[in-house]
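[1] Next come a sequence and a model predicted from it.
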There are 2 protein chains.
Amino acid sequence: MSTQASTQSGKIKVSLRQQIQSGFMTQGQKLPSERELSALFSTTRITIKDVLVSLENEGLIYREERRGWYVSPERICYNPLSRSHFHQMIRDQHRIAETCLLDARTEMAIGEVAQALAIDQMTQIHIIERLRYIDGRPVLFVENCLKASLFPHIMMENLTLSLTGIYRQKYGYETSRSCFEVIPTGAPSHVAKALNLAEGQPVMKIRRTNYKQDGELMDCEFEYWRPDAVLIRIESDSH
Amino acid sequence: MSTQASTQSGKIKVSLRQQIQSGFMTQGQKLPSERELSALFSTTRITIKDVLVSLENEGLIYREERRGWYVSPERICYNPLSRSHFHQMIRDQHRIAETCLLDARTEMAIGEVAQALAIDQMTQIHIIERLRYIDGRPVLFVENCLKASLFPHIMMENLTLSLTGIYRQKYGYETSRSCFEVIPTGAPSHVAKALNLAEGQPVMKIRRTNYKQDGELMDCEFEYWRPDAVLIRIESDSH
DNA sequence: TAGTGGTCTAGACCACTCG
DNA sequence: GAGTGGTCTAGACCACTAT
């Protein structure tokens, strides 16, 4: 539909894509409003919106709820097997990282968390919710669920730092093994709110479980990435 | 919006989700038509469509172009680092796999392919396009790009079989190292057509490059998965 | 307060699928 | 030929953002 541009939205898509990819628009730049675009292309907002959502799926543009549409910056290259923590990884790619603590609380494990930690539902866990920014843009919502018995007093630490670092320095735990899953899904409401996108928009969910030296499961982590912000890369030497 | 169900579409979403997850509807079952749903919920097709797209993003339902909406089967668990080939993997999960050859041709490398293979644009490559089914549903479009000089006469083989197997048996090549990238993006038109989805819908793209024993790059592969059909799982022993 | 995207109405025609 | 989703029109009101 868009390469041949048989439909109207296909033509608009090609036109907008060219404007963006030709370098005419710079990364992070705001697009004209939906109403302006409708007028420019002599069509309705619904048609324009279909086009924008499609380009959003490609990862070419992204939206901030009720603020507008913007040209996506380059994707961050992320290796979930790598030891380096978030801030290091972003710095290595010459971008600026920030982390903000959204919530830290202790409660009983329920549902998916209890299942991921392979514990029953009466076990206490610490939940740490953080929001991570790249170049000022919120792109990653992270929820860590720690077995409370293994991490006394961790809630008094500076939780904007690397948790892996705290595990090591304060408790002597090293991550000896981990398992992660990549799941394309829609943003749950609390995630959507934090990332400033609409509930149900596509996100890339990464569910990870970490084991310490002695093989015991320590914590699990749920990452929700803006899908245009990231690219996962893994290199494997023989197997 | 949907957990609190403050909007109309939020309420419809919750209602449909419950119907599906409660087991009232079975995997693969067809939903009522958009017009029927509009009538059932006393609203318009556009509102219903927004709800369906949102549930589609979650991976709960999927669509077949112009045929209708269906309840998604369970996700296949896929480990890109594993040696086992597609049919084996699907069989291990008690599902039925099929592969169909869409196209096989020889041409000059261009654009992303030339870049992935780290060759210049005048080098000949074989392109093999295949469509893979799980339980009769097309879920994976695969494009393999082989350095032609390394694979004489491969186009005369049975290309619905495992390519890795052919590499080994006919040429003695083993995959010693590979690199893969996971990229959430939109379906290009030829992929959309094959997978029976609309161009620009979200897909999970996996770009892989394979090296043989002596370290030489053999081929690259582009996989496009229906995003509701798969879940990537990787386990890492210490690193 | 002006402007934005989010949501919604009430239709319409078209391309395609299926029986 | 009946029914489906795909596309499109021409509006409207609302919640929220930015200034």
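    Great, that's in hand.
[2] the helices in chain A, which residues?
    All helices of chain A, identified by DSSP state H, fall at A:8-21, A:34-40, A:45-58, A:86-92, A:111-117, A:163-166, A:189-195.
[3] Please identify the most buried of these.
    Most buried of those, by mean neighbour count (mean count of other C-beta atoms under 10 Å in any protein chain shown): helix A:45-58, with a mean of 21. Just so you know, the C-beta spots here come from the backbone N, C-alpha and C atoms, and that holds for glycine as well.
[4] Next, the angle helix A:8-21 makes with it.
    50 degrees (axes from the mean of the first three to the mean of the last three C-alpha atoms, to 10 degrees).
[5] Give me the residues contacting helix A:45-58.
    Helix A:45-58 is contacted by residues A:2, A:8-9, A:12-13, A:16-17, A:20, A:31, A:34-35, A:37-38, A:41, A:61-63, A:69, A:202, A:228, B:46, B:185-186, B:199-202 when judged by C-beta atoms under 8 Å, 6 or more residues apart in numbering or on different chains.
[6] on that earlier part again, turn the helices of chain A into TSV, columns for mean pLDDT.
    Below are the helices of chain A laid out as TSV (pLDDT from 0 to 100):
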stretch	mean pLDDT
helix A:8-21	90
helix A:34-40	93
helix A:45-58	94
helix A:86-92	95
helix A:111-117	86
helix A:163-166	91
helix A:189-195	91
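[7] for those, which one sits closest to DNA strand C?
    helix A:34-40 (3.6 Å; C-beta to the nearest atom of the strand).
[8] do the closest one and chain B meet?
    No. Using C-beta under 8 Å from any C-beta of the partner chain, helix A:34-40 stays clear of chain B, with a minimum separation of 15.2 Å.
[9] what's the neighbour count on the closest residue to A:R91 other than its chain neighbours?
    Among residues not flanking A:R91 along the chain, A:A97 sits closest, at 6.7 Å (C-beta to C-beta, 6 or more residues apart in numbering or on different chains). Using other C-beta atoms under 10 Å in any protein chain shown, A:A97 has 19 neighbouring residues.
[10] what's across from A:A97 in the sheet?
    For A:A97, the beta-bridge partners under DSSP bridges are A:I134.
[11] Just confirm it contacts A:I134, I think it does.
    Yes. A:A97 lies in contact with A:I134 (C-beta atoms under 8 Å); the separation is 6.1 Å.
[12] Need the overlap of contacts for the two.
    The contact lists of A:A97 and A:I134 share A:I90, where a contact means C-beta under 8 Å, 6+ apart.
[13] For the residue nearest to A:R91, list the residues it contacts.
    A:F86, A:H87, A:M89, A:I90, A:R91, A:R132, A:Y133, A:I134.
[14] rewinding a little: nearest to A:A104, out of the helices of chain A?
    Checking those against A:A104 by C-beta to C-beta gives helix A:163-166 as the closest, at 11.1 Å.
[15] Give me the contacts around that closest one.
    For helix A:163-166, the external contacting residues (C-beta under 8 Å, 6+ apart) are A:H85, A:I128, A:N144, A:I154, A:E157, A:T175, A:D219.
[16] and the two most separated of those residues?
    Within the contacts of helix A:163-166, A:E157 and A:T175 form the most distant pair, 17.3 Å apart (C-beta to C-beta).
[17] got any ranges where chain A has weak pLDDT?
    A:1-5, A:238-239 (pLDDT under 70).
[18] Close to DNA strand D: what parts of it are there?
    For chain A, the contact set with DNA strand D under C-beta under 7 Å from any atom of the strand comprises A:1, A:7-10, A:42-47, A:50, A:65-67.
[19] circling back to that earlier point, check the contacts of helix A:45-58 against DNA strand C, which are close?
    Applying C-beta under 7 Å from any atom of the strand to the contacts of helix A:45-58, those adjacent to DNA strand C are A:L31, A:E34, A:R35, A:R63, A:W69, B:I46.
[20] before we move on, the earlier item: out of the helices of chain A, which gets nearest to B:L161?
    Per C-beta to C-beta, nearest to B:L161 of the helices of chain A: helix A:45-58, 32.8 Å.
[21] Please name the bridge partners of A:V182.
    A:I206, B:I232.
[22] what's near enough to touch it?
    A:V182 is in contact with A:M204, A:K205, A:I206, A:I232, B:V182, B:L231, B:I232, B:R233, counting by C-beta under 8 Å, 6+ apart.
[23] farthest pair in the residues you listed?
    A:M204 and B:R233 (14.3 Å).
[24] Comparing these two, which shows the higher neighbour count?
    Neighbour count, other C-beta under 10 Å: between A:M204 and B:R233, A:M204 has more, with 25 against 18.
[25] and of the contacts of A:V182, the nearest to B:P138?
    Using C-beta to C-beta, B:L231 comes nearest to B:P138 of the contacts of A:V182, at 18.1 Å.
[26] domain parsing for chain A?
    Following automatic domain parsing, one gets these domains for chain A: A:8-71, A:76-232.
[27] out of those, nearest to B:L81?
    With C-beta to C-beta, the closest approach to B:L81 among the domains of chain A belongs to domain A:76-232: 9.5 Å.
[28] Tell me which residue of chain A is furthest from the middle?
    In chain A, the greatest distance from the average C-alpha position (C-alpha atoms, centre = their mean) is reached by A:S42, at 35.4 Å.
[29] re earlier: neighbour-wise, which of A:E157 and A:T175 wins?
    Neighbour tally, A:E157 and A:T175, criterion other C-beta under 10 Å: the higher count belongs to A:T175, 19 against 16.
[30] so who does the more buried one touch?
    By C-beta under 8 Å, 6+ apart, the neighbours of A:T175 are A:T164, A:Y167, A:N210, A:Y211, A:K212, A:M218.
[31] That one bridge partners, please.
    A:K212.
[32] same thing with A:L217?
    A:Y211.
[33] same check, this time on the one 4 residues further on
    Here A:E221 sits in beta bridges with A:N144, A:R208, going by DSSP bridges.
[34] how close does it get to DNA strand D?
    27 Å (C-beta to the nearest atom of the strand, to the nearest Å).
[35] Now do that residue: how many residues are near it, please.
    19.
[36] Now do the closest residue in space to A:R132 that isn't next to it in sequence: how many residues are near it, please.
    Sequence neighbours aside, A:L140 is the residue nearest to A:R132 in space, at 4.1 Å (criterion: C-beta to C-beta, 6+ apart). By the criterion of other C-beta under 10 Å, A:L140 has 25 neighbours.
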